[in-house]
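Undergrad: Got a predicted structure plus its sequence, pasted below:
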Protein chains: 2
Amino acid sequence: MVNMTSDRRGSRREAKTVQILTAAWDLARRDGLAGISLRDLADQVGLRQPSLYVYFASKNELYDRMFTDGYQQLLGALNAQRVDDDPRVALSDMVALMVQQASDDPVRHQLLFQRPLVDFEPGEGSWSLAVEFFDFATRRLAGVGVTDTADVDLFTAVIAGLSAQQVANDPGGTRWVEQADRIVTILVDAVARPASSPS
Amino acid sequence: MVNMTSDRRGSRREAKTVQILTAAWDLARRDGLAGISLRDLADQVGLRQPSLYVYFASKNELYDRMFTDGYQQLLGALNAQRVDDDPRVALSDMVALMVQQASDDPVRHQLLFQRPLVDFEPGEGSWSLAVEFFDFATRRLAGVGVTDTADVDLFTAVIAGLSAQQVANDPGGTRWVEQADRIVTILVDAVARPASSPS
DNA sequence: GTCTATACATCGATAGAC
DNA sequence: GTCTATCGATGTATAGAC
């Protein structure tokens, strides 16, 4: 029993799958995630609509592949970023990068962090990447001493808020990206010494 | 020329319109905003699908009415809230109320503050209510001395973030609502005395 | 693996009788 | 103002030939 999907003969199939996935992201950026039509998608990759079912068992499976693909892209960007020696700067860099990523690809941000598709629920395997991402962020927060749930909630809200405003009111820009360092500094200071106790 | 829409004979029509609007919100909460079907909507109000066109010229006009209706609801809640003498507390109260409102009705929050419908663009008249809301928030921020664009951006991001997290991760709860007062205090303090200048 | 053909459902919107 | 009937488009998915 050879593994048919990972040996040499599977490469063509994988390449086509990647091509379809890329076209799906393009269509989602144009028509919205829910607006992806399998006919349009097939046209984009030089296939007839029913032929897509050779590569994906259903539209839901397509969304699932996009979901994992999106997290892989995001984790790739995070891991490619240099980690500053100062944990606070490292956290600020991560927050700025995440807001920047949301600004660069609002549709991906929407699929990963909002719940824009009523019928779509990510499969079990897909969640592992989301967990991996969450662990990454948790470690960065722990680096500056933020471990309490309430404190973590503050930071997740700030990241979500900067991203949401960036996407909704300055798509492609940096208006809220530029606020990342400032607000992280403010929050870290405030959480580090809880009450307003002047030294 | 009498005004047919506001005299006594118009009341039946207005009542039916309100009934349809209420049913539309219910359907949106069940199937999502984009998932509203005019056939389902007609069923809910005891009409046949084509009869809805007596009250709304198109599905887009229905969304437009929901948009203005949503802002009226939100402004109503804000105006009904007691205004604390302390401007900082008044601001905190507003932020907490907005996050609570988002938690109570995520679909309304989605329609008013995100852009979930690709084809829908609010009509001119509808934006006036959005402006009215924005002015309301601006005045509260000015009360604590926040007028610079960058500072205002910080607060709008925080409100958006608390709401987004509340809706996505604790719908119907108060986990992020409870963070409103704390983060407003932190931000007001930080913005009021910009640098970290110990007294 | 790709195709043609098609089933089957649902949608928004319009025409015209009553 | 409400209805029946229907149009025309679009959607996912399947059957079966090649």
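TA: Perfect, I can see it now.
Undergrad: Just confirm A:Gly143 contacts A:Ala90, I think it does.
TA: Yes. In this structure, A:Gly143 is within contact of A:Ala90 by Cβ atoms under 8 Å, at 6.3 Å. Glycine gets a C-beta too; all of them are placed from N, C-alpha and C.
Undergrad: of these two, who's got more company?
TA: Of the pair A:Gly143 and A:Ala90, A:Ala90 is the one with more neighbours under other Cβ atoms under 10 Å in any protein chain shown, namely 18 against 15.
Undergrad: Excluding sequence neighbours, find me the nearest residue to that one.
TA: Nearest non-adjacent residue to A:Ala90, counting by Cβ to Cβ, 6 or more residues apart in numbering or on different chains: A:Asp84, 4.5 Å away.
Undergrad: now that neighbour: how far from B:Ala190?
TA: From A:Asp84 across to B:Ala190, the span is 22 Å (Cβ to Cβ, to the nearest Å).
Undergrad: quick one, which of those two is more surrounded?
TA: Between A:Asp84 and B:Ala190, counting by other Cβ under 10 Å, B:Ala190 is the more crowded of the two (20 against 13).
Undergrad: can stretch A:171-191 be found next to chain B?
TA: Yes. With Cβ under 8 Å from any Cβ of the partner chain as the criterion, chain B is reached by stretch A:171-191 at A:Arg175, A:Trp176, A:Gln179, A:Arg182, A:Ile183, A:Ile186, A:Leu187, A:Asp189, A:Ala190.
Undergrad: Tell me the buried residues in that stretch?
TA: A:175-177, A:179-188, A:190-191 (16 or more other Cβ atoms under 10 Å in any protein chain shown).
Undergrad: Please list the residues of chain A that sit near DNA strand D.
TA: A:Ile36, A:Ser37, A:Leu38, A:Arg39, A:Asp40, A:Gln49, A:Pro50, A:Tyr53, A:Ser58, A:Lys59, A:Asn60 (Cβ under 7 Å from any atom of the strand).
Undergrad: Restricted to strands, list those residues.
TA: Taking DSSP state E, every one of the residues of chain A next to DNA strand D sits outside strands.
Undergrad: which of those are buried?
TA: Buried, going by 16+ other Cβ under 10 Å: A:Ile36, A:Leu38, A:Asp40, A:Lys59, out of the residues of chain A next to DNA strand D.
Undergrad: Now name the helix or strand holding the residue lying closest to the third one once chain neighbours are set aside.
TA: Excluding its sequence neighbours, the residue lying closest to A:Asp40 (Cβ to Cβ, 6+ apart) is A:Leu27, at 5.8 Å. When elements are assigned from DSSP states H and E, A:Leu27 belongs to helix A:11-31.
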